[in-house]
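*Asks:* Starting from these lines, generate the structure:
(one chain, ligands or ions: 2)
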Amino acid sequence: MEKKLTFLGIETSCDETASSVVQENGDGTAKVLSNIVSSQIKEHEKFGGVVPEIAARAHVENIDFIIQKALDKSKKKIDEIDGVAATAGPGLIVCLNIGYNIGKSLAAFGKKPFLSINHLEGHALSPGIENKISFPYLLLLVSGGHSQYLIVKNLNDYKQLGTTIDDAVGEAFDKTAKILNLGYPGGPNIEKFAKLGNKNSYSLPEPIINRAGCNLSLAGLKTDVLRKSKNIKSDQDKYNLAASFQETINKILRKKTEVAMDQFRKEISDNSIKPFVVAGGVAANETIRKNLKELSEKMNFKPIFPSKEFCGDNAAMIAWAGIQRYKKKLFDNKDDIVRSRWPLDKKAPFLKGPGLKL
Ligand code: KG4
Ligand code: ZN
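*Replies:* Ligands and ions are numbered 1, 2, ... in the order given. I've put the predicted structure just below:
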């Protein structure tokens, strides 16, 4: 019988210090033996966003303890681990270096394989922890730094269909929450306070909704929230604006996802029911889940949302990506470095910046 691999994962690309021990089940899914995430909300709250140097210092202070906790909880000793996987990008270089270097050292001392993992691939493969899922599938990756529609053709084989040309969806939630003084991180707070508001009270822009394929643009929406926030007179107005913002995001995502689903069908020339995965921190939003679930049913897709513990940044997805890469011999440490930018589809155009034409 083939040995079931057990990997230690390490994630420090942004403001979560995370470590996890994951064992493959042998049927394409995995058992998460531990999944420890230390979030730095308190450190960054007063700035309303992540401050790289503060994040890096918090990683240094926590990382050894978090790895030890992940091992203890999994009841595995370091000798029983078959490999170490750490996030090598994209992310904040000063933060990435901490998890990456400790992972590399642990692997070297233990004479174990070390795998550099793309954080986005971690998110992309995260639904496979809990679901038997076959390639190809359509992925909407929505987090604080990224918003992309991708065809996941196979491990290491991605085609980007669309991306944001300015703000990521999570970033738009965070900035809107900051404008409305609803606290940090923005996503969960907007969702909470939107429940108290009327989603039809404000009419907000839906930039490039009917053009540019499934590319997204959210900067104009945020600017309009800023403009309208100046006339807020009560808490109720604030909740109404939060609810209207969330509703507008839902309208944009519904339309753009429909376009992405059509593009996916054309690309793979297969009309059978296919998985549609929504991953990344924003996938935790219940209204977005409901909206995209309904659309999937209409468009003949099977919607898959990772459990909330695997939506936001975590190291289980990194360990799991490591196991899969190791099995396919997709690793090579020779030229490894940490990187701030690391697209999954290297051929995809870079759409941010001035002079952009769509
Ligand atoms: O994947 P993630 O943990 O980190 C990145 O790789 O960016 O995503 C974090 C983002 C933040 O922008 C946060 O506000 C957003 O996900 N988020 C949400 C919700 N929970 C987290 N956005 C909307 N609704 C939520 N419930
Ligand atoms: Zn992430």
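
*Asks:* correct me, but R265 touches N271?
*Replies:* Yes - with contact defined as CB atoms under 8 Å, R265 reaches N271; the gap is 6.7 Å. Placement of C-beta: from N, CA and C, glycine included.

*Asks:* Same drill for those two, tell me which one is more crowded.
*Replies:* Set side by side, R265 and N271 show more neighbours around R265, with 16 against 8, by other CB atoms under 10 Å.

*Asks:* measure that one to ligand 2 for me?
*Replies:* Taking CB to the ion, to the nearest Å as the criterion, R265 is separated from ligand 2 by 28 Å.

*Asks:* List the contacts of that residue.
*Replies:* With contact taken as CB atoms under 8 Å, 6 or more residues apart in numbering, R265 is in contact with N271.

*Asks:* Where does the stretch 101-250 of the chain get nearest to ligand 1, residue-wise?
*Replies:* Sorted by distance to ligand 1 under CB to the nearest ligand atom, the residues of the stretch 101-250 of the chain start with G187, at 2.0 Å.

*Asks:* counting contacts, what elements does the strand or helix carrying that residue pack onto?
*Replies:* Counting by DSSP states H and E, the element that carries G187 is helix 186-194. Judged by 3 or more CB pairs under 8 Å, 6 or more residues apart in numbering; DSSP states H and E, helix 186-194 is in contact with helix 169-179, helix 235-268, helix 286-298.

*Asks:* How is this structure partitioned into domains?
*Replies:* 6-128+309-335, 134-305 (automatic domain parsing).

*Asks:* I'd like those domains as CSV, with distance to L344 appended.
*Replies:* Below are those laid out as CSV (distance: least, CB to CB, whole Å):
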stretch, distance to L344
domain 6-128+309-335, 5
domain 134-305, 4
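
*Asks:* quick one, which of these is packed in tightest?
*Replies:* The highest mean neighbour count among the domains of the chain, using mean count of other CB atoms under 10 Å, belongs to domain 6-128+309-335: a mean of 21.

*Asks:* First-to-last residue distance for that domain?
*Replies:* Distances were taken as CA to CA, to the nearest Å; on that basis the terminal residues of domain 6-128+309-335 are 25 Å apart.

*Asks:* Any idea how far it is from the middle of the chain?
*Replies:* For domain 6-128+309-335, the separation from the chain centroid amounts to 14 Å (computed by CA atoms, centre = their mean, to the nearest Å).

*Asks:* Okay, the residue of the stretch 201-350 of the chain found nearest ligand 2 and R341: tell me how far apart.
*Replies:* Ranked by CB to the ion, the top residue of the stretch 201-350 of the chain for proximity to ligand 2 is D313, at 4.4 Å. Note on D313: its distance to R341, by CB to CB, to the nearest Å, is 17 Å.

*Asks:* now S296
*Replies:* Here the distance between S296 and R341 works out to 31 Å (CB to CB).

*Asks:* Touching, D166 and A219? I think so.
*Replies:* Yes - between D166 and A219 there is a contact under CB under 8 Å: 3.9 Å.

*Asks:* who are the neighbours in contact with A348?
*Replies:* Remark: with contacts taken as CB under 8 Å, 6+ apart, A348 is in contact with K159, Q160, T163.

*Asks:* give me the subset of the residues you listed touching ligand 2.
*Replies:* With CB under 5 Å from the ion as the criterion, no member of the contacts of A348 is in contact with ligand 2.

*Asks:* Redo those residues as CSV? Include pLDDT and secondary structure.
*Replies:* Rendered in CSV, the data for those read as follows (pLDDT from 0 to 100; DSSP: H, G, I helix; E, B strand; the rest coil):
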residue, pLDDT, secondary structure
K159, 97, strand
Q160, 97, strand
T163, 96, strand
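
*Asks:* Can you check what pLDDT the model gives the residue lying closest to A168 once chain neighbours are set aside?
*Replies:* Among residues not flanking A168 along the chain, S147 sits closest, at 4.5 Å (CB to CB, 6 or more residues apart in numbering). At S147, the model reports a pLDDT of 96.
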